[in-house]
Each structure stands twice: as C-alpha cells, then as structure tokens.
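Participant: fold the stuff below for me.
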Amino acid sequence: MAWNEPGGGQRDPWRRGGNKNPDFDAILKRLRQHFKGLGDGGPKSIGVLILAVILAWLLLGSWTVINARQVGVVLRFGAYSRTLPPGFHLVFPQPISQVLKVEMTRVRSVSDTVLMLTKDENIIQVNFNVQYQVNDAKKYLFSMQNPDLAVRQSAEAAVRSVVGSSTMDTLLSGQGATMVARTSKALQKMLNSYGAGLRITEVNFQNIAPPSEVKAAFDDVNKAREDRQRIENVAKAYASKIIPEARGQAASIIAGSEGYKASRIARARGDTQRFLLLLKEYQLAPKVTGERLWLETIEDVFKNNSKIIDGGNARNFINLPSTLGKTTTPTAPVAGTVMESLSKPAPSGATSPAAGG
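Facilitator: Alright, predicted model coming up:
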C-alpha cells in the first residue's frame, strides 16, 4: 500500500499520522532554521562543521591508486617514508603524506650533436642518442635536481672519453658496436656513481662524420679505403682458388713419387732375387750356366741391332735390319759356317757380362 493512500496509519513520512499532503513550505522552513543555527556560531554547530570537514578530508585524501606502469613514493612531512607497488593503497592525506608517482616502464631518451677531438687530433662530428629507464624511484627523485640534464651531460662526457681514446680511422671504419659497448658501460658507471637510479637501455651513434669543411677530403680517404678492401677481397678469392689447386697438384706429385718409389723398390728386390737364383744355378753348373748367359747376351745384342751376314768368301752378303725386339724369319739361306759361328759355344771359362758381374 502506498504511503499517501487514504486510510489510517502513519503513512506520511513528513507528518506523523493523518493522510494530509506534505507541507513543503514547512520542510524548507525547518532546513533554513537548521543552517541558520550553524551560521550563528554556536559551539555545537562549529563542532559539527569541523567534523564534516575532517570526514571529507579523510575520505578524499586517504587513498591512492598506482597503475601497473608506476610506483608510488610516499613522503611523510616531506621525508621519504616508503615505496608503493602498483595497486590500491591507504595513506595519510595531505599535508601529512604525499604520494609521488614515477613511471618505471617509460623509456626516456636524450639526443645531442657535438664536435669532438679524436686521439690523433682530428675534429669529428658525432650524433648520439641515449635511451634509459628508471630502476630506483627514490634515487631518481632525490639524488639529482634534473635527471634528464644529468643524463645528457653524462652521455656527452662518456662519448668524449670514447672518441678521445680512438683515432679517426678507427671511428670511420665502422666499429660501431665496440663504441656503443664502451660508451654504454662508461655512462652506466658514471650514473651509478651519482646514485641517479637510472638504467641505460640503449646507446646509438646515428652519425659519425668529419665537419663539412673537410668532408670532401675524408670522402676521398673513404673511397681509397673501400678500393683497398675490394682489392684485398679479390686477392683472397684468388688465393682461396689457387691454393687448393696447388695442394691438389702437390698431393698428386707426392702420390706419383710414392708409387714410383714402391715400383723401383719392388723391381730392385725382384732383380736381387733373380740374381741370387742365377748365382745359385751358376755355382751348381758353371759351364752350362755360362753358355746360356752368353747365348742370351748375344741374342739381346743382335736383336736390337742391324746385322750383315757374309755367306762365304765375301761374295754373298745378307743385310738383316734391326727387328727392335721382334723376331723375324730369314728369307734366304745362311751358310753353315755362319750358323756354326753363331751357335758356337763360348770358350771355356768365358762368361757374359751379367755372369761376370
């Protein structure tokens, strides 16, 4: 049943009992009287007002939210108190406590272009970029007044130390990785000594070049260096081609000499064995062996030389050309005296050069 329906009971929230309509004028009059009482400055009214202000101050200033990319540094009466991780936290409201939020995942960077003097007293222009992150919020806030300026100046000092210890040729020869590593290490060491609470994530040398006044001369030097590198590459390619061929030829010659060596040794051993066997036979039958050796020697001599045979009384001659090792059958009869002289045994005690040896 609705509160303003006719009937008995106390259904009117503005008046007790009755079914009359609410009197809005009376309600407004009561509110004016209430606030007028607060404005009169009575002790009760002042206390209520102070309590309301305190409650509002506590409700609005006693909590904070730190997102996932931040940490919160709590200051109590201006002094460091603690560091809050990401999440919802209750803290004392200001001016008792103050929460400073620091971006921890944000990548900050500084860049600069400076003229520097190399080890060999040449001027060079260097463009560099340094990227860094906060790794200690307390140190980042309280160790230095302007962290970005400190990083810029420290980076310039680190780059100068690296460039000053290198020659112009070294800097222009493309050894960027070595320079980056040395600069990053020197810069991080410098910032750690300051207690900056910063971590160097990357160092880049965007351009290393001589000043514009002498750029043409350095371009000529670079071109000459590139030509030298190209010639060296061609020479290395030729060496990589010719050296394996020479090694192959050397291996072939060595293998051939080894084969010739083995062949000569085997032939010498065979000749030695043959001579020893022949010597053994000669010792058993000197006469027979001597005659056989003499006949073999005569056969070898006549086989490789031209021959003129006298048939008798210098009237009939037979010219037999050299057969060069091939046996031929004579086409004309040969006198018996000639055949007898050819087949005549060697004199007693005569031996061939081989047997005599």
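Participant: residue 119 sits in which helix or strand?
Facilitator: Assessed by DSSP states H and E, residue 119 sits outside every helix and strand.
Participant: show me the contacts for it.
Facilitator: By C-beta atoms under 8 Å, 6 or more residues apart in numbering, the contact list for residue 119 reads 164, 165, 166, 167. Bear in mind the C-beta positions are built from the backbone N, C-alpha and C, glycine included.
Participant: okay, those in TSV with neighbour count, pLDDT and distance to residue 131 next?
Facilitator: As requested, these are arranged in TSV below (neighbours: other C-beta atoms under 10 Å; pLDDT from 0 to 100; distance: C-beta to C-beta, whole Å):
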residue	neighbour count	pLDDT	distance to residue 131
164	11	86	23
165	11	86	24
166	21	83	23
167	14	82	28
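Participant: the residues you listed in strands, which ones?
Facilitator: Using DSSP state E, no member of those sits in strands.
Participant: any chance of JSON lines for the residues you listed, columns distance to residue 244?
Facilitator: JSON lines is the format used below for the contacts of residue 119 (distance: C-beta to C-beta, whole Å):
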{"residue": "164", "distance to residue 244": "46"}
{"residue": "165", "distance to residue 244": "43"}
{"residue": "166", "distance to residue 244": "39"}
{"residue": "167", "distance to residue 244": "38"}
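Participant: farthest pair in these?
Facilitator: With distances taken as C-beta to C-beta, the most widely separated pair in the contacts of residue 119 is 164 and 167, at 10.4 Å.
Participant: export stretch 232-245 as PDB, just CAs?
Facilitator: Listed next in PDB are the C-alpha coordinates belonging to stretch 232-245 (Å, rounded to 0.1, in the frame of the first residue of the first chain):
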ATOM      1  CA  GLU A 232      92.000  -7.400 -50.700                       C
ATOM      2  CA  ASN A 233      88.800  -9.400 -51.300                       C
ATOM      3  CA  VAL A 234      89.800 -10.100 -54.900                       C
ATOM      4  CA  ALA A 235      93.200 -11.300 -53.700                       C
ATOM      5  CA  LYS A 236      91.700 -13.500 -51.000                       C
ATOM      6  CA  ALA A 237      89.300 -15.000 -53.600                       C
ATOM      7  CA  TYR A 238      92.200 -15.800 -55.900                       C
ATOM      8  CA  ALA A 239      94.200 -17.300 -53.000                       C
ATOM      9  CA  SER A 240      91.200 -19.400 -52.000                       C
ATOM     10  CA  LYS A 241      91.100 -20.700 -55.600                       C
ATOM     11  CA  ILE A 242      94.800 -21.300 -56.400                       C
ATOM     12  CA  ILE A 243      95.900 -22.700 -53.100                       C
ATOM     13  CA  PRO A 244      93.600 -25.800 -53.300                       C
ATOM     14  CA  GLU A 245      94.700 -26.400 -56.800                       C
END
